[in-house]
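# Okay, structure incoming, though there's no sequence with it:
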């Protein structure tokens with residue numbers, strides 16, 4: 001069943017009516033259970049979340065890639081699927097929020113909804129229904145999902161948080177009477193959830209017992225779900241998007257030939273498809289750990305600080321003199337860029353949630369604080385005002401912002417004109433000073449008209 005490199009990959013989307021309905025639990029458990037049965041499953045994540053894919057990667061043994069109908073060009077999505085099809089039997093893509101939830105104004109080719117990815121690729125949906133507090137009414141919900149969009153197919157239903165055998169009979173029978181395939185039901189098991197913090201799950205690098213948790217999830221899914229029925233449900237449109245991705249200009253231009261990338265528990269939020277695209281374009285990526293007091297590779301021609309949780313490690317970062325001195329030295333002669341957490345570390349000062357202040361790199365006239373939390377969340381369209389590692393002045397890129405920090409002081413030239421998904425201006429515009437630039441938004445795709 002293994003696919004040729006450029007044959008469109010059959011797949012499935014794990015969807016649900018809402019966030020918190022069990023998509024991640026089911027996805028990780030299925031990835032591990034299917035892998036244990038000898039299947040090679042390529043994981044994907046619908047939308048801009050950068051935490052879930054790291055868990056997928058551990059569960060499936062293959063890098064998980066984001067697919068986004070608002071922020072990515074169709075060529076980019078097609079290329080990401082094609083590039084990762086080699087050796088895979090089929091794909092499983094975890095959805096985000098509710099299956100049909102997206103923004104009000106379409107982006108490049110969709111609203112960001114998981115249903116867009118399912119429809120574009122011809123991937124059927126495995127619908128995960130949290131049936132706590134429901135019985136036969138769950139069948140009406142499932143029936144509505146199956147008929148809401150004619151280009152989206154519900155291939156099967158998994159019930160979650162089933163209360164008893166009687167509850168399973170009531171709900172399961174009504175699902176089958178509605179003409180939908182019932183794949184099983186999961187009883188309530190709160191002990192199998194993954195640890196969380198304010199941006200979602202604790203990152204995979206910090207989950208010390210991750211392998212044990214994944215094994216437990218795989219066993220739980222195998223016990224209650226008809227795992228052997230899953231591969232036959234995977235499907236695809238014969239030509240996917242109908243785009244020759246290999247011949248299109250879908251690559252994201254790397255910021256340099258040799259990129260020094262910060263990589264540890266404080267700096268782990270970077271999209272895997274960016275790294276893959278940079279490498280495919282010929283760039284070499286070297287990594288260093290600020291938490292281990294390592295500086296960037298002096299032979300690199302650009303330094304990149306991704307997002308993460310620097311606020312949880314501010315004291316360690318502030319005392320990492322080799323790292324900070326290395327950043328200052330690099331900024332004298334080469335481009336340095338920071339996204340979100342990396343942006344804050346490039347500033348003068350970071351205030352943690354307890355109000356304690358820590359001196360950062362001092363490469364940008366920027367002070368940020370977590371003491372008064374305020375969520376900043378949403379897609380971003382940026383028109384660059386200056387040249388920087390993410391593009392030339394005038395380039396339009398798309399990305400996503402998710403953080404709880406506030407800017408106390410900012411005094412450098414703006415990096416970009418920023419707009420949200422409804423094309424409303426965003427006040428925070430990033431910054432550039434000399435060779436140093438940064439922003440709160442994470443780049444997803446570039447080279448838009």
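Cool, got the structure. Because the structure is a prediction, the values reported are computed rather than measured. Residues are numbered from 1 along each chain as shown.
# where does the stretch 251-400 of the chain dip in pLDDT?
Of all residues in the stretch 251-400 of the chain, none has pLDDT under 70.
# mind running it again at 80?
For the stretch 251-400 of the chain, applying pLDDT under 80 flags the ranges 251.
# Pretty sure residue 134 sits against residue 167.
No. Using CB atoms under 8 Å, residue 134 makes no contact with residue 167, being 9.0 Å away. Heads up, the C-betas are built off the backbone N, CA and C, glycines and all.
# secondary structure element for the most far-flung residue of the chain relative to its centre?
The C-alpha centroid of the chain is most remote from residue 166, which lies 37.8 Å away (CA atoms, centre = their mean). Per DSSP states H and E: residue 166 is located in helix 165-177.
# cool, residue 343 as well?
Under the assignment here (DSSP H and E), residue 343 is part of helix 341-345.
# Return the list of helices and strands in contact with the next helix-or-strand element following that helix.
Per DSSP H and E, the first helix or strand lying C-terminal to helix 341-345 is strand 349-351. Counting contacts by 3 or more CB pairs under 8 Å, 6 or more residues apart in numbering; DSSP states H and E, strand 349-351 packs against strand 357-359, strand 366-369.
# strand partners of strand 349-351, parallel vs antiparallel please.
Strand 349-351 has the following strand partners under DSSP bridges: strand 357-359 (antiparallel), strand 366-369 (parallel).
# Go through these and name the closest to residue 273.
Closest to residue 273 of the strands paired with strand 349-351, according to CB to CB: strand 366-369, at 27.4 Å.
# what sits up against the closest one?
With contacts defined as CB atoms under 8 Å, 6 or more residues apart in numbering, strand 366-369 is touched by 343-344, 346-351, 405-412, 431, 438.
# Flag the shaky bits of the stretch 101-250 of the chain, pLDDT-wise.
Residues of the stretch 101-250 of the chain that meet the cut-off, pLDDT under 80, sit at 190, 192-208, 238-250.
# all strands of it, in order?
Using DSSP state E, counting those that start in this stretch, the strands of the stretch 101-250 of the chain run over 125-130, 154-162, 182-187, 196-197, 200-201.
# ok, now the stretch 301-449 of the chain?
Under DSSP E, counting those that start in this stretch, the stretch 301-449 of the chain gives strands at 302-305, 336-339, 349-351, 357-359, 366-369, 376-384, 396-403, 406-410, 416-419, 425-426, 431-433, 436-439, 442-448.
# Show me what the first one is packed up against.
Identification of packing neighbours for strand 302-305 by 3+ CB pairs under 8 Å, 6+ apart yields strand 258-262, helix 321-331, strand 336-339, helix 341-345.
# Can you add mean neighbour count and give these back as CSV?
Output for the helices and strands packed on strand 302-305, formatted as CSV (neighbours: other CB atoms under 10 Å):
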stretch, mean neighbour count
strand 258-262, 23
helix 321-331, 18
strand 336-339, 28
helix 341-345, 30
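# out of the ones you listed, nearest to residue 109?
Of the helices and strands packed on strand 302-305, nearest to residue 109 by CB to CB is strand 336-339, at 24.4 Å.
# what domains does the record give for the chain?
11-245, 251-448 (automatic domain parsing).
# now the longest one: how far from the chain's centre is it?
So that's domain 11-245. 14 Å (CA atoms, centre = their mean, to the nearest Å).
# same thing with stretch 308-319?
For stretch 308-319, the distance to the chain centre is 23 Å (CA atoms, centre = their mean).
# Could you tell me which residues within it count as buried?
Buried residues in stretch 308-319, defined by neighbour count with 16 or more other CB atoms under 10 Å: 308, 309, 310, 311, 312, 313, 314, 316, 317, 318.
# Once you drop chain neighbours, what's closest to the third one?
Using CB to CB, 6 or more residues apart in numbering and skipping the chain neighbours, the partner closest in space to residue 310 is residue 341 (4.4 Å).
# What of the last one?
Beyond its immediate neighbours in the sequence, the residue positioned closest to residue 318 (CB to CB, 6+ apart) is residue 358, lying 4.1 Å away.
# try the fifth one
Taking CB to CB, 6+ apart, and ignoring the residues beside it in sequence, residue 312 has residue 266 as its nearest neighbour in space, at 7.1 Å.
# Identify the residues contacting the one you found.
290, 291, 308, 309, 310, 312, 313, 316, 317, 341 are the contacts of residue 266 under CB under 8 Å, 6+ apart.
# any idea how far residue 368 is from it?
14 Å (CB to CB, to the nearest Å).
# Against residue 122, how distant is residue 444?
23 Å.
# Pick out whichever of these two has more residues nearby.
The neighbour comparison of residue 444 against residue 122 (other CB atoms under 10 Å) goes to residue 444, with 24 against 18.
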